[in-house]
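K.L.:
Below: sequence and its predicted model.
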Amino acid sequence: MWNRVEVSLSRVRPMLQSDGGDIELVDVQGTVITLKLVGACSHCPSSTLTMQQGVEMALRQDIPELTEIRLA
């Protein structure tokens, strides 16, 4: 599962990095993953929107069995 999440995140990373941020995979527990926004994304007012409409949407498309995506 870890590798599948990393592959999926590699699709959205360029978007985050273009704004001075990035995302890290912190933990995988079965079908629950924990992510951490870093850099400019960690304190951006749009980070919730970025997570919901960018990162989470891509992850759920690539890995439909995910049951929860948490932010650290």
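P.N.:
Nice, I can see it.

K.L.:
Doesn't residue 28 belong to a helix?
P.N.:
No: according to DSSP: H, G, I helix; E, B strand; the rest coil, residue 28 belongs to no helix; its state is strand.

K.L.:
so who does it touch?
P.N.:
Listed by CB atoms under 8 Å, 6 or more residues apart in numbering, the contact set of residue 28 reads 1, 2, 5, 34. (C-beta placed from N, C-alpha, C; glycine too.)

K.L.:
same check, this time on residue 23
P.N.:
9, 12, 13, 16, 35, 36, 37, 38, 41, 55.

K.L.:
The same query, at a cut-off of 6 Å, please.
P.N.:
Applying CB atoms under 6 Å, 6 or more residues apart in numbering, one finds that residue 23 lies in contact with 9, 16, 35, 37.

K.L.:
Check residue 1 too.
P.N.:
Counted by CB under 6 Å, 6+ apart, residue 1 has contacts residue 28.

K.L.:
Would you mind measuring from it to residue 17?
P.N.:
24 Å (CB to CB, to the nearest Å).

K.L.:
do the same with residue 51
P.N.:
For residue 51 relative to residue 17 (CB to CB), the value is 16 Å.

K.L.:
Repeat that for residue 40.
P.N.:
Distance from residue 40 to residue 17, by CB to CB: 10 Å.

K.L.:
pLDDT value on the residue sitting nearest the centre point of the chain, please?
P.N.:
In the chain, the residue lying closest to the centroid (CA atoms, centre = their mean) is residue 55, at 4.5 Å. As predicted, residue 55 sits at a pLDDT of 91.
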